[in-house]
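J.: generate coordinates for the sequence data below:
(one chain, ligands or ions: 1)
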Amino acid sequence: MRLHNPLIPGFNPDPSAVLVDGTYYLVTSTFEYLPGIPVYASTDFEDWTQIGNVITRPEQGQLENATTGLGVWAPTIRHRDGVFYVIVTIAGGRGCVVYTAESPEGPWSDGLVLGGVEGIDPDLSWDDDGTALVTYSGLVMKGEDIGKHSGIRQVDVDLATGETLAGPRDLWSGSGFKFPEAPHLYRRGDWWYLMIAEGGTERGHGVSVARSRDPRGPFEPGPANPILSARSTNRPIQNTGHGDLVETPDGRTLMVLLGVRPRGATQAFSALGRETFATEVRWEDGWPVAEPVHLDPREGDMEVEHRFSAELDPGWLAIRRPPASLADLRSEPGRLTLHGEGTDMTAARPVFLGRRQLHQTATVATTIDASKGTGGLAVRYDEQTVYSITVTGEGKGSIIVAEARVPGITQTWTASLPSGPVELRLESEPSAGFQPSELSTADFLDMMTSDFVSFIARSGDEEVRLARVDGRYLSAETAASFTGRVIGLFAVTGTVGFDGFRYSGSNR
Ligand code: 6LW
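T.: Predicted structure coming up:
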């Protein structure tokens with residue numbers, strides 16, 4: 001088995017995995033996006049396919065007014081007696097929710113709220129008598145004590161009613177680093193292992209472990225915490241933490257975890273946000289020992305054209321509303337039609353349909369018919385951090401506007417093109433990195449960033465390059481959200497048609 005890293009590329013943080021009847025299932029966080037919680041499956045741990053999503057109906061997530069960066073946080077997936085469980089925090093919303101399904105493709109249940117869990121990152125396990133234990137990070141998310149942290153806690157719950165049966169009890173506050181969170185509890189032989197993340201989800205991130213004979217504690221910290229961290233190293237994968245363990249059929253232990261792939265000379269910026277990685281874990285003297293995470297992206301570049309002939313595949317995302325509620329695939333068969341609502345990408349619920357950027361650099365293109373409206377192509381981190389290129393059809397031509405928006409600062413560039421369909425392109429290219437020879441000031445400044453994004457439009461033979469902008473502003477280190485780049489199509493006014501969504505990506 002080869003461990004590809006990233007295992008699941010693009011904005012896919014807080015992974016959790018389970019093995020059921022020879023298939024691995026893995027889920028990740030989605031924040032304000034819908035559908036929520038993608039379910040990826042693999043039979044060999046190498047090739048993964050998205051088979052569905054947990055939150056596909058609005059009532060399951062109740063995310064219409066989710067705060068950007070809050071919403072769906074850190075799911076845990078487990079399986080018991082023929083039932084799949086996903087337990088998650090809907091931060092700033094429903095709180096701790098458990099979804100169940102007979103089949104991981106769905107449909108998943110409406111979700112049961114566990115009112116007794118005040119915190120984030122819930123884990124689900126069962127003691128030897130079959131009582132359900134929810135172990136979580138005691139971060140207060142609302143009220144007067146917002147932001148207060150009480151370490152790793154646990155309650156016994158009744159999964160039929162959502163009632164708390166016992167607790168909360170304090171289990172462990174970690175080894176002294178900030179934000180003990182992301183707990184998972186496992187039975188292995190006579191021991192119960194409590195694995196957590198600490199150090200914060202940025203460069204200080206790591207994984208630590210404690211163990212007990214009893215799932216309710218007391219827990220004894222491991223001798224070598226953190227058992228995994230990239231802090232203060234020059235490894236290409238940083239921020240490694242928030243791990244979950246899964247046993248392979250031949251008795252190996254693998255950890256899935258989040259990390260970033262920063263680019264740039266020193267501080268470095270991660271365009272894709274937090275992705276899912278994996279590493280091998282050995283057991284020595286009754287404690288887990290994790291290998292550092294090795295970079296090994298899948299070979300070759302990726303070229304794909306998403307066409308709009310059939311139903312949308314489960315990889316499409318929209319913001320605070322389901323993609324199907326805005327994607328019109330019927331008005332003009334073979335084409336995506338979006339109906340503008342007078343809002344742009346700064347809106348809470350824009351008319352926007354996007355996909356995760358999967359490679360360090362990517363070019364995304366579409367052919368747009370804006371003769372009856374205004375629409376375009378955008379790469380989004382959040383509503384204040386978005387690069388876009390917009391077309392408005394006019395009688396004799398098209399007006400093209402490129403816009404780079406970061407919090408508090410917006411710049412636009414305008415051009416015009418002859419009438420007719422317009423191809424829009426957002427193209428990213430890597431920064432040059434270290435130069436072999438002398439550095440000019442321009443080279444020095446360029447090598448500090450992750451990438452550059454160019455805004456390009458073409459009609460017939462005429463092509464305009466409106467701008468080339470530093471990509472670091474759309475990175476995990478700069479944007480105030482937990483997500484990653486999502487690139488897609490949007491309409492502002494009128495009726496806008498899109499022929500295809502062409503993606504080509506490379507990790508070079
Ligand atoms: C996640 C938590 C975290 O629930 O970020 O910073 C949250 N720590 O573990 C969202 O990914």
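
J.: give me the pLDDT value at S419.
T.: pLDDT recorded at S419 is 89.

J.: ok, now P436?
T.: Per-residue confidence (pLDDT) for P436: 66.

J.: got it, and the one 5 residues further on?
T.: Reading off the per-residue confidence, T441 sits at a pLDDT of 85.

J.: tally of neighbours for it?
T.: 7 (other CB atoms under 10 Å). For the C-beta atoms, the positions are set from N, CA and C on the backbone; glycine is no exception.

J.: distance of it relative to M448?
T.: 11 Å (CB to CB, to the nearest Å).

J.: what does the stretch 351-500 of the chain have sitting close to the ligand?
T.: Counting by CB under 6 Å from any ligand atom, the residues of the stretch 351-500 of the chain close to the ligand are F482.

J.: element containing the closest residue to the ligand within the stretch 351-500 of the chain?
T.: Using CB to the nearest ligand atom, the single residue of the stretch 351-500 of the chain nearest to the ligand is F482, 4.4 Å away. Per DSSP states H and E, F482 falls between elements, in no helix or strand.

J.: pull the number of nearby residues for it.
T.: Using other CB under 10 Å, F482 is surrounded by 23 other residues.

J.: apart from its neighbours in sequence, what residue is nearest it?
T.: Using CB to CB, 6 or more residues apart in numbering and skipping residues adjacent in sequence, the residue nearest F482 is G69, 5.3 Å away.

J.: give the contact list for the one you found.
T.: G69 sits next to F31, E32, D382, A480, S481, F482, T483 when contact means CB atoms under 8 Å, 6 or more residues apart in numbering.

J.: which residue in those has the weakest pLDDT?
T.: Within the set of these, pLDDT is lowest for A480 (82).

J.: need the three-state assignment for it.
T.: Three-state assignment for A480 (DSSP: H, G, I helix; E, B strand; the rest coil): coil.

J.: so what's it up against?
T.: The contact partners of A480, by CB under 8 Å, 6+ apart, come to G69, D382, Q384, T385, P407.

J.: are we agreed that V293 is in a strand?
T.: No: judged by three-state DSSP, V293 forms no part of a strand; its state is coil.

J.: now do whichever residue of the stretch 201-350 of the chain sits closest to the ligand against E477, distance only.
T.: The ligand sits closest to T201 of the stretch 201-350 of the chain, with a gap of 3.4 Å, by CB to the nearest ligand atom. Distance, T201 to E477, using CB to CB: 11 Å.

J.: and what of L139?
T.: Distance of L139 to E477, given as CB to CB: 22 Å.

J.: before we move on, what about W73?
T.: 20 Å.

J.: got it, and E102?
T.: Noted for E102: a distance of 41 Å to E477, by CB to CB.

J.: with neighbour numbers in mind, choose between those two.
T.: Taking neighbours as other CB under 10 Å, E102 and E477 compare with E477 leading, 20 against 12.

J.: which stretches in the stretch 351-500 of the chain count as strands?
T.: Ranges of strands within the stretch 351-500 of the chain are 351-356, 361-382, 385-393, 397-406, 409-418, 422-430, 451-459, 462-470, 486-506, based on DSSP state E, counting those that start in this stretch.

J.: over to the stretch 151-300 of the chain?
T.: Applying DSSP E, counting those that start in this stretch to the stretch 151-300 of the chain gives strands spanning 164-172, 181-188, 191-198, 206-212, 220-221, 228-229, 238-247, 253-260, 275-284, 287-290.

J.: reformat the ones you listed as JSON lines; add distance to I87.
T.: What follows is the strands of the stretch 151-300 of the chain, written out as JSON lines (distance: least, CB to CB, whole Å):
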{"stretch": "strand 164-172", "distance to I87": "14"}
{"stretch": "strand 181-188", "distance to I87": "11"}
{"stretch": "strand 191-198", "distance to I87": "16"}
{"stretch": "strand 206-212", "distance to I87": "20"}
{"stretch": "strand 220-221", "distance to I87": "25"}
{"stretch": "strand 228-229", "distance to I87": "23"}
{"stretch": "strand 238-247", "distance to I87": "12"}
{"stretch": "strand 253-260", "distance to I87": "16"}
{"stretch": "strand 275-284", "distance to I87": "18"}
{"stretch": "strand 287-290", "distance to I87": "22"}
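
J.: so for R307, which of the ones you listed sits nearest?
T.: Closest approach to R307 among the strands of the stretch 151-300 of the chain (CB to CB): strand 275-284, 26.3 Å.

J.: enumerate the residues of the stretch 201-350 of the chain near the ligand.
T.: T201, H242.

J.: hmm, try it at 5 Å
T.: Neighbours of the ligand within the stretch 201-350 of the chain, by CB under 5 Å from any ligand atom: T201.

J.: same question for the stretch 51-200 of the chain.
T.: Residues of the stretch 51-200 of the chain lying near the ligand (CB under 5 Å from any ligand atom): W73, A74, I120, D121, E181, A182.

J.: CSV for these, including neighbour count and pLDDT?
T.: Formatted as CSV, those follow (neighbours: other CB atoms under 10 Å; pLDDT from 0 to 100):
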residue, neighbour count, pLDDT
W73, 22, 98
A74, 28, 98
I120, 23, 98
D121, 30, 98
E181, 28, 98
A182, 29, 98
